[in-house]
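[1] Sequence plus predicted model, see below.
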Amino acid sequence: MTMPLTQFTIERNSGAASASSHFSNTRRTNVADDGDSGRAHSLGPMNRGKGIAMSETNQGANVWPTFRYRDAKAAIAFLQEALGFEVAAEYTNPDDPGRVEHAELRWPAGGGVMLGSARDEGVMTKAGVASGSVYLAADNVRELHARALAAGATEVMGLTEQDYGSLDFAIQDPEGVLWSVGTYRGADSE
């Protein structure tokens with residue numbers, strides 16, 4: 001059941017109420033009050049009113065791979081075109097609209113990734129820029145393989161029938177992140 005959300009703004013460090021953001025250098029953060037739990041959910045500081053509130057009853061993915069890209073806008077466009085990700089949220093820096101402070105891309109079959117522009121501060125500086133890998137479970141592997149190659153992905157492994165029954169392929173995006181796609185859905189999926 002979706003609750004109607006009321007938006008309001010809280011200043012950080014302003015007495016009893018406080019909100020914070022790991023990707024913001026602004027003083028104000030939009031939050032939503034679900035009217036029932038009494039808790040506020042961050043909507044993010046950028047592009048006020050264009051955030052997505054996370055519900056406490058959200059049964060979505062609980063693991064979110066995160067990436068830093070030199071050109072996050074291009075990475076977002078590539079992931080949409082090549083693999084069919086959908087942009088759920090994108091917050092840009094008000095002083096530099098080409099800099100993505102935070103983005104969430106949803107995988108149509110469930111889950112998603114978070115990404116942003118590489119910068120010199122914050123916890124993500126401990127991770128490499130455009131490094132890592134993600135495995136995406138899908139039913140339409142052949143279609144996604146053709147789509148990814150048409151979008152300019154670098155093929156690392158062509159369509160391959162694995163000995164455990166999965167049909168897989170692997171690509172790299174333009175900055176080098178490895179994306180593997182296959183029909184295997186984990187040990188408990190059968």
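    Cool, the structure landed.
[2] Quick check: buried residues in the helix or strand that contains V134?
    Take DSSP states H and E as the rule and V134 turns out to sit in strand 133-137. For strand 133-137, burial by neighbour count (16 or more other CB atoms under 10 Å) applies to 134, 136-137. Any C-beta I mention is one placed from the backbone N, CA and C, and that applies to glycine too.
[3] What of stretch 164-171?
    166-171.
[4] And stretch 62-74, by the same measure?
    For stretch 62-74, a neighbour-count test (16+ other CB under 10 Å) marks 67-69, 71-73 as buried.
[5] average pLDDT for that stretch?
    Stretch 62-74 carries an average pLDDT of 93.
[6] Following the chain onward from the biggest strand by length in the chain, which element is next?
    Scanning the chain for the longest strand, with DSSP state E as the assignment, gives strand 96-106. Next along the chain after strand 96-106, taking DSSP H and E as the criterion, comes strand 112-117.
[7] Residues contacting that next one, please?
    Residues from elsewhere that reach strand 112-117 (CB atoms under 8 Å, 6 or more residues apart in numbering): 23, 61, 64-72, 75-76, 79, 85, 88, 93, 98-107, 124, 134.
[8] same deal with stretch 129-142?
    For stretch 129-142, the external contacting residues (CB under 8 Å, 6+ apart) are 65, 67-70, 75, 83, 107, 109, 113, 118, 144, 159, 167-169, 173, 175-186.
[9] Just the buried ones from those, in PyMOL syntax?
    Of those, the buried ones can be selected in PyMOL as follows, counting by 16+ other CB under 10 Å:
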select buried, resi 67+68+69+75+83+107+113+118+144+167+168+169+173+175+177+178+179+180+181+182+183+184
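[10] Which of the contacts of stretch 129-142 fall within helices?
    Under the assignment DSSP state H, the contacts of stretch 129-142 contribute 75, 83, 144 to helices.
[11] what sits against the first one?
    By CB under 8 Å, 6+ apart, the contact list for A75 reads 67, 69, 115, 130, 173-175, 177.
[12] can you list those in TSV and add distance to A153?
    Compiled in TSV, these are given as follows (distance: CB to CB, whole Å):
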residue	distance to A153
F67	15
Y69	15
L115	16
A130	14
D173	7
P174	8
E175	12
V177	11
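[13] of these, the lowest pLDDT goes to which?
    A130 (82).
[14] give me the number of residues near it?
    20 (other CB atoms under 10 Å).
[15] Spatially, what comes nearest to it if we skip its sequence neighbours?
    Once flanking residues are discounted, A130 sits nearest to E175: 3.5 Å by CB to CB, 6 or more residues apart in numbering.
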